[in-house]
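[1] quick one: sequence and predicted model below, then my questions.
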Amino acid sequence: TVILAVIRGSVCQQQFLSSPSPVVVSPGSNTTLSCLVENMGGECRWQKDGKPVGIYPGKYTLAKPDTEGDCSLTIFSVDLKLDDGEWECQVTSTSFQSQDALASSPAKLTVQVPPSTITLKTASQGTVEDQMMLRVAEDQLETITCMTSHSNPAPTISWQMGDQVLPSTKQTTTGERTEAILTHSFARSSSGQELQCVVSHAAYPSGERVVTAILDVLYKPTVSIARVDTPVLEDGVGSVTLTCNSQANPPARASWHKMGDKEGKKYPEELQMNPVRREQAGVYICQAENSVGRSEPEQTEVVVLYAPMMVVTQPKDKVEVMAHNRTVLTCQAEGNPAPKYQWIQTLSASTERTRSYTANLVVEDVGYGDQGEYRCVAINRIGGERREVESEPVKIEVTGAPQVVKQVGEVVGIHGSDVRLEAEFCSDPVPSESTWEWGGVVLPMGSEVDGRYKAELVSHPNKEDCYISRLTVKRLGLEDSRKYILNVENKHGKDMVPVLLTVKDSVSMASVISVVLVLLLILLILIISLLIAYNKQKLCFKGAEAAKKASSQEHHGYIQGASKLSLISENSDHVRPFPPSTKV
């Protein structure tokens, strides 16, 4: 017998056909953990949480003790404390020599128990019962905890406000207690909505249970101003009534104070000035306060009418600015209504330009065209009459790298003729270097090459610190079609501009004469056709059929003439000469 067992064990070792699987059961129910063994030669054993479990009738029994290879375990009246855990099916070795003992992977048996309690808590209010009011402050982070106890496995806790799902910042399980923490800021529009802690657990008949708190969002005041004025607030004549209204939870107390009042005097929520005085002019600030906080201020200005005076500019007389930088001219004057402003640039003795309609003239990316004198004009109207006063002139002087101010991208010249390329630029100080460059040739100003190319630099007749650079190309050839680059440089930097020169063949005189003759011939044909048509109408008494035939022939001839005219016109467009351009 021993010899047969050894032979059998060496040929077919025992192994699992099926091992225990995780299972979820309710307390008090029965369950079976399946465990089937092929070629079983050892004995069945079971272990829970690493400790052996005995076979006790009525509690733990092997499901089919008489069936070879079936080690399935039936557990009766499942209990949370006794049976919840990791179960393993084990089989002892076939013999002490075979070393073929088996142990399955642990299978989790979960005894499913729903939470016994659900509680909401906040740091400021403590425990919040179901359907109880929960007070929170607007736009402040509130921490609310939803706790459950005595459940297995741990439930899933989520938060919901109306139809919106709110994310829990943290959910933890310690022993038999599970909690989810909500960190959220609430808007005043959330007041009156339901904040729900939703606890989901498979042991609940409906799958979940909800605890609800009614939100009461407390917020600091917001204020608005109601104002009643007479049509004209003139010193000693007009009147004004200011009312400071507030909205808050809980209600707030509103008041007025005047900006700049050193005494800090406060006025009631309704402030009357009748009649209004010039010394009462100023900015009045409305604010309100409750237990949550103080409102943001709202303000209104009471103005008393008088003409502009005391115009002050900054800088006062002159400012030097580097090209491509930024400069600001500011202007301030007293007057009510508040003056409107204009900044005017003097371009010449007879030319002015309005640069701004505000108190501040901001010149971004300053260029040489911004040089000149500027005046600030302060303007208001009283009783429909314009009042104004001007400042002393302020001069802007620009220095910096050269700057091309006028250019043309392409110049067309005729073969054999002369052409002049020009570009205007400004530079302060004067350019230290100015050249025209093309095809490896660099031609400085005042120089000439090959008797055909000449570079010149002259001062601009009307613009300060500006110049005109010229490149004259004589006896144009087709090889002169290329890009020519003007380079200008001083100690502050440099600038460049490309100019494309395109050279075209001239139109021969014979071609021009041919086109003119063709056009004259077409004109003559048109005149004759019109005369014939006119005469045919006068001879209509000769018969309708003859007139119709003559008219058809004349119409056919007219169309042929028009087609010839169209063709010649199209051809003439292709041979029209282009005069040489003299500006860039």
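    Okay, I see it.
[2] in the host helix or strand of Ile522, what counts as buried?
    For Ile522, the element it lies in under DSSP states H and E is helix 509-538. Buried residues in helix 509-538, counted by 16 or more other C-beta atoms under 10 Å: 515, 518, 522, 525, 529, 536. To be clear about C-beta, it is placed using only N, CA and C from the backbone, and glycine gets the same treatment.
[3] any chance of these in JSON lines, plus pLDDT and distance to Pro52?
    Converted to JSON lines, these look like this (pLDDT from 0 to 100; distance: C-beta to C-beta, whole Å):
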{"residue": "Val515", "pLDDT": "79", "distance to Pro52": "118"}
{"residue": "Val518", "pLDDT": "89", "distance to Pro52": "121"}
{"residue": "Ile522", "pLDDT": "93", "distance to Pro52": "121"}
{"residue": "Ile525", "pLDDT": "93", "distance to Pro52": "125"}
{"residue": "Ser529", "pLDDT": "89", "distance to Pro52": "125"}
{"residue": "Lys536", "pLDDT": "72", "distance to Pro52": "131"}
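[4] for those residues, please prepare TSV with the additional fields distance to Leu166.
    Below are the buried residues of helix 509-538 laid out as TSV (distance: C-beta to C-beta, whole Å):
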residue	distance to Leu166
Val515	85
Val518	87
Ile522	86
Ile525	90
Ser529	90
Lys536	95
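[5] which one of those residues is nearest to Arg326?
    Val515 (57.9 Å; C-beta to C-beta).
[6] select the longest strand from this structure.
    strand 208-229 (DSSP state E).
[7] quick check: mean pLDDT of that strand?
    Averaged over strand 208-229, pLDDT sits at 94.
[8] please save the CA atoms from that strand in PDB.
    Output of strand 208-229 as PDB, limited to C-alpha atoms (Å, rounded to 0.1, in the frame of the first residue of the first chain):
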ATOM      1  CA  GLU A 208     -28.100  55.100   0.100                       C
ATOM      2  CA  ARG A 209     -29.200  57.300   3.000                       C
ATOM      3  CA  VAL A 210     -29.200  61.100   3.000                       C
ATOM      4  CA  VAL A 211     -28.800  63.700   5.800                       C
ATOM      5  CA  THR A 212     -29.800  67.200   4.800                       C
ATOM      6  CA  ALA A 213     -28.900  70.700   6.200                       C
ATOM      7  CA  ILE A 214     -30.600  73.900   5.000                       C
ATOM      8  CA  LEU A 215     -28.100  76.500   4.100                       C
ATOM      9  CA  ASP A 216     -28.300  80.000   5.700                       C
ATOM     10  CA  VAL A 217     -25.600  82.000   4.000                       C
ATOM     11  CA  LEU A 218     -24.500  85.100   6.000                       C
ATOM     12  CA  TYR A 219     -22.800  87.900   4.000                       C
ATOM     13  CA  LYS A 220     -21.500  91.300   4.600                       C
ATOM     14  CA  PRO A 221     -23.400  94.300   3.300                       C
ATOM     15  CA  THR A 222     -23.500  95.500  -0.300                       C
ATOM     16  CA  VAL A 223     -24.500  99.100  -0.800                       C
ATOM     17  CA  SER A 224     -26.100 101.200  -3.500                       C
ATOM     18  CA  ILE A 225     -26.700 104.900  -3.800                       C
ATOM     19  CA  ALA A 226     -29.900 106.700  -4.700                       C
ATOM     20  CA  ARG A 227     -29.400 110.300  -5.600                       C
ATOM     21  CA  VAL A 228     -31.800 113.200  -6.400                       C
ATOM     22  CA  ASP A 229     -30.400 116.400  -7.900                       C
END
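[9] and what about the closest residue in space to Ile214 that isn't next to it in sequence, helix, strand or coil?
    Excluding the flanking residues, the one nearest Ile214 by C-beta to C-beta, 6 or more residues apart in numbering is Met133, at 5.1 Å. Here Met133 is strand, with the state taken from DSSP: H, G, I helix; E, B strand; the rest coil.
[10] wait, Met133 sits on Val217?
    No: look at Met133 against Val217 with C-beta atoms under 8 Å: they stay out of range, at 10.9 Å.
[11] circling back to that earlier point, please report how far the residue nearest to Ile214 lies from Asp216.
    Remark: distance between Met133 and Asp216 (C-beta to C-beta, to the nearest Å) = 5 Å.
[12] do Cys331 as well
    For Cys331 relative to Asp216 (C-beta to C-beta), the value is 53 Å.
[13] more crowded one of these two?
    Applying other C-beta atoms under 10 Å to Cys331 and Asp216 shows that Cys331 carries more neighbours, namely 24 against 14.
[14] the more buried one against Val312, yeah?
    Yes: in terms of C-beta under 8 Å, Cys331 counts as a neighbour of Val312; the distance is 7.3 Å.
[15] shared neighbours of these two, which are they?
    Residues touching both Cys331 and Val312 (C-beta atoms under 8 Å, 6 or more residues apart in numbering) are Ser391.
[16] follow-up on the earlier one: between Met133 and Val217, which is the more surrounded one?
    Taking other C-beta under 10 Å, Met133 and Val217 do not tie; Val217 has more neighbours (21 against 12).
[17] can you pull up the bridge partners for the more buried one?
    Beta bridges link Val217 to Val136, judged by DSSP bridges.
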